[in-house]
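Trainee: Provided below for reference: sequence and predicted model.
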Number of protein chains: 2
Amino acid sequence: MPKRLSCPKGQNNLLATLNESDSKLILPHLRQVELERGRVLEDPDRPVEMVYFPITGVGSMVAIGRDGRRIEIGLFGREGMSGTSVVSESDQTPMESFMQVGGHGLAIRAEMLRDVMESSPSMHRHFLRFLHVLLTQTSHTALANGHAKLEERLSRWLLMCHDRIDGDEMELTHEFMSVMLGVRRAGVTVGTHILEGKGLIRATRGRIIILDREGLEAQAMQSYGIPEDEYDRLIG
Amino acid sequence: MPKRLSCPKGQNNLLATLNESDSKLILPHLRQVELERGRVLEDPDRPVEMVYFPITGVGSMVAIGRDGRRIEIGLFGREGMSGTSVVSESDQTPMESFMQVGGHGLAIRAEMLRDVMESSPSMHRHFLRFLHVLLTQTSHTALANGHAKLEERLSRWLLMCHDRIDGDEMELTHEFMSVMLGVRRAGVTVGTHILEGKGLIRATRGRIIILDREGLEAQAMQSYGIPEDEYDRLIG
DNA sequence: GTTGGTTCGTACGAAATCGTACAATCACTC
DNA sequence: GAGTGATTGTACGATTTCGTACGAACCAAC
């Protein structure tokens, strides 16, 4: 299977799939922004001020425990958006969102987004559907975290990143992946070796290259795909 | 800490917290229903036909993997509702919802709910906020599944059930809990013994009694509470 | 080229959980 | 009150992951 969630280059697919009048409505309020790696898009328990639609790059949503434990619960790129709590009329969330892979995109002030959604139920619906996809993704993250072995989770995660970038190369350290997956750094090192040994990826310092996507999907089979199907169904 | 998410007896809190005009709007379309244990409220990948607002009983949302692996990703009782995909304009989800503890509640046809939400943005917003709480809950399930030990996850799960029932007794088998948590049945048996040994619960055949809620919260500290805070913030 | 910080490879025993099995106990029916 | 099925208690080795540690490899700056 080829990459999922793909969309016309140079665009954000969530915006590209708006109908014409909604597109006209929101366009004037969007402005280009750089989304450098590490940029925080959403602070925990603080009102969302800007909502971002990546065109390149990958964002991570991270749940944070009482004691500060973190784990990634979802990621989004040019198929989606940050700040969905604006869409669910909840202003803020206890999670954090940040760019894990740098890129650029479009941004709109949260207040403004609220306004345009209010004036266009169809736009609201469109973003709501993305929220639903996000819930599905998070659910399957919970499923994978509960049932899947490290190697399978790693495969799933690499696939989800791969879907959201151009090309087959990503700048990722084992340390970073270990935090996202909530496992030991050393575990990730061993895991990547296994995938590398099977010829599915190639890993060099700070970089992972996907060699055999289908093979990776086979590795992740049970864990990958359902949220992506849901995206196709609802947004396409 | 006392039970969370509590609300006036004999009511569903999500409905009880609607404003007066919204309440009048939806009431005529609600009808009383029995929600016996095991009752399926929502089939995976099939359009939601009825939406349920429990008054007693507890419902579970379960994510299902490609190979049929299951894990509970959220639960709801008289503080919430089933069928949130109607709220997110997505009609259906790849998950299943069913009653894990029997009870009764109110039901409305999905179509009708769609209509009344369309005619009342404030009602739509209210349910959207619950959807946001659900996303938070699911995120923290992913967090717990990734980071917490069995004993901690078990405590968290018992607390979440406890919040949603009257009294301190629940009919639960180890087998059932093991499926919800995605662990071995034997593991749950050992886990309950530990909690029992600490005097936090009492377990008899097919039944768990919460003895020391605060103690349980201490056990689950890192994993429990944030989604509940979010509920208070948004619905109260 | 040396230095220093990041990243990666690898090792170790400890802990948690798994998969499985089987016997004991309970609740209910006949 | 004997039988039956569901539930629970307990055991076993196997597997996975943990926590930690330390050295090697790499990269960039001086």
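Mentor: Yep, that arrived. Computed from a predicted model, the values in this text were never measured in an experiment.

Trainee: so A:G236 sits in a helix?
Mentor: No. Read with DSSP: H, G, I helix; E, B strand; the rest coil, A:G236 is coil and lies in no helix.

Trainee: now it, nearest residue through space, not along the chain?
Mentor: Spatially, and ignoring its direct neighbours in sequence, A:G236 is nearest to A:T17 (6.7 Å; Cβ to Cβ, 6 or more residues apart in numbering or on different chains). C-beta coordinates here come from the backbone N, C-alpha and C atoms, glycine included.

Trainee: show me what contacts that neighbour?
Mentor: Shown in contact with A:T17 (Cβ atoms under 8 Å, 6 or more residues apart in numbering or on different chains): A:126, A:235-236.

Trainee: out of these, who's nearest DNA strand D?
Mentor: Nearest to DNA strand D among the contacts of A:T17 is A:I235, at 32.2 Å by Cβ to the nearest atom of the strand.

Trainee: Settle this for me: the closest one is touching A:N12, isn't it.
Mentor: No. Using Cβ atoms under 8 Å, A:I235 is not in contact with A:N12; the gap is 11.4 Å.

Trainee: Which of these two has more residues huddled nearby?
Mentor: Neighbours were counted for A:I235 and for A:N12 using other Cβ atoms under 10 Å in any protein chain shown; A:N12 has more, 23 against 20.

Trainee: how far away is A:L159 from A:L75?
Mentor: Per Cβ to Cβ, to the nearest Å, A:L159 is found 11 Å from A:L75.

Trainee: again, but for A:G182
Mentor: For A:G182, the distance to A:L75 equals 14 Å [Cβ to Cβ].

Trainee: Between the two, which is the more surrounded one?
Mentor: Using other Cβ under 10 Å, the more surrounded residue of A:G182 and A:L75 is A:L75, with 23 against 19.

Trainee: who touches that one in this structure?
Mentor: A:58-61, A:100, A:137, A:160-161, A:164.

Trainee: Now with 6 Å, please.
Mentor: Taking Cβ atoms under 6 Å, 6 or more residues apart in numbering or on different chains, we find A:L75 in contact with A:58, A:60, A:160.

Trainee: What of A:G65?
Mentor: B:143, B:222.

Trainee: can you do 8 Å?
Mentor: B:140, B:143, B:147, B:222-223, B:226.

Trainee: cool, and A:V188?
Mentor: So, once contact is read as Cβ under 8 Å, 6+ apart, A:V188 ends up touching A:150, A:154, A:174-175, A:177-178, A:181.

Trainee: For ChimeraX, write the selection for the buried entries among those residues.
Mentor: In ChimeraX syntax, the buried subset of those is picked out as below (16 or more other Cβ atoms under 10 Å in any protein chain shown):
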select /A:150,154,174,177,178,181
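
Trainee: Restricted to strands, list the contacts of A:V188.
Mentor: Of these, none are assigned to strands by DSSP state E.

Trainee: you'd agree A:V51 is up against A:L106?
Mentor: No. Using Cβ under 8 Å, A:V51 is not in contact with A:L106, being 9.3 Å away.

Trainee: Neighbour count for the two, which is higher?
Mentor: Neighbours per residue, other Cβ under 10 Å: of A:V51 and A:L106, the larger number sits with A:V51, 25 against 21.

Trainee: Give me the distance between that one and B:L158.
Mentor: Applying Cβ to Cβ to A:V51 and B:L158 gives a distance of 37 Å.

Trainee: do the same with A:C7
Mentor: Distance, A:C7 to B:L158, using Cβ to Cβ: 44 Å.

Trainee: Identify the farthest-apart pair in the contacts of A:V188.
Mentor: For the contacts of A:V188, the farthest-apart pair by Cβ to Cβ is A:L150 and A:E175; their separation is 15.1 Å.
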